[in-house]
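**Student:** 3D model of this:
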Amino acid sequence: MKNFIESYDDALTPEQCKMIIDYMNESNLLERGEMLCGVDYSKKDSWDVIMNMNDKTEVNNILYDSLCKCIDDYKIKNPHLNQLRPWKWHPIYNLQKYNPGQGYHELHCENTSPESSYRVAVWMFYLNTVTDDGGTSFDNYDFTMNAVEGRCVIWPAYWTHFHKGIVSKTETKHIATGWFNYIDSV
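**Tutor:** Sure thing, here's the model as predicted:
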């Protein structure tokens, strides 16, 4: 059975990943991660930098260029997406840092309420390899995606794709993540 979870290894180079991690750690922009309902460390415990893809930065250029290549391939593999109303990447996204013991602990999907109903799909880049757990678990499919530096992962935003982070007790995980939304909601 097809699970619609696609991964693209080497979507970012090690140098690009390091540059994004350095930007995140040196920017003084890291804040405690929030969800639509606010801050709840029992559900999501992270340090985030909220980014806007419309800003002309090197980080945005790197992620945008890679994301365009990955989503073009995803649409070829999943042609039914072309039958939806027009959609594209949402400009707001997150750089996230999970220190050892931190993670997105709660099973969740990205389209859960009227406030997030415009989300079509999710994208995520792993910015570093984590060997002591640290991946993403998709429980509906009994499937785990390992955190591999430079890997881009795309999947549907809906209830069919509940997922959560697999917490590493010993390593820090860095990701960049955002959504594809219907155009009239962007």
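**Student:** ramachandran coordinates for the residue with the largest distance to the centre of the chain?
**Tutor:** Relative to the centre of the chain, the most outlying C-alpha is that of Gln83, 23.9 Å out, by CA atoms, centre = their mean. With angles defined as degrees, to the nearest 10, Gln83 sits at phi -90, psi -10.
**Student:** and what of Met53?
**Tutor:** phi -60, psi -20.
**Student:** would you check that it makes contact with Tyr93?
**Tutor:** Yes - Met53 is within contact range of Tyr93, at 6.4 Å (criterion: CB atoms under 8 Å). Glycine gets a C-beta too; all of them are placed from N, C-alpha and C.
**Student:** which neighbours do the two share?
**Tutor:** The contact sets of Met53 and Tyr93 overlap at Leu63, Gly178 (CB atoms under 8 Å, 6 or more residues apart in numbering).
**Student:** residues near the closest residue in space to Glu31 that isn't next to it in sequence, how many?
**Tutor:** Distance criterion CB to CB, 6 or more residues apart in numbering; nearest residue to Glu31, sequence neighbours excluded, is Asp48 at 6.0 Å. By other CB atoms under 10 Å, 20 other residues sit near Asp48.
**Student:** what's in contact with the helix or strand where Asp48 lies?
**Tutor:** If you go by DSSP states H and E, Asp48 is part of strand 47-52. Residues outside strand 47-52 that contact it (CB under 8 Å, 6+ apart) are 24, 27, 29-34, 57, 59-60, 91-99, 102, 176.
**Student:** okay, and which of the residues you listed map to helices?
**Tutor:** Applying DSSP state H to the contacts of strand 47-52, the entries found in helices are Met24, Val59, Asn60.
**Student:** and the residue lying closest to the first one once chain neighbours are set aside, what are its bridge partners?
**Tutor:** Read that as Met24. Spatial nearest neighbour of Met24, excluding adjacent residues (CB to CB, 6+ apart): Leu95 at 4.7 Å. On DSSP bridges, the residues paired with Leu95 through beta bridges are Val49, Ala176.
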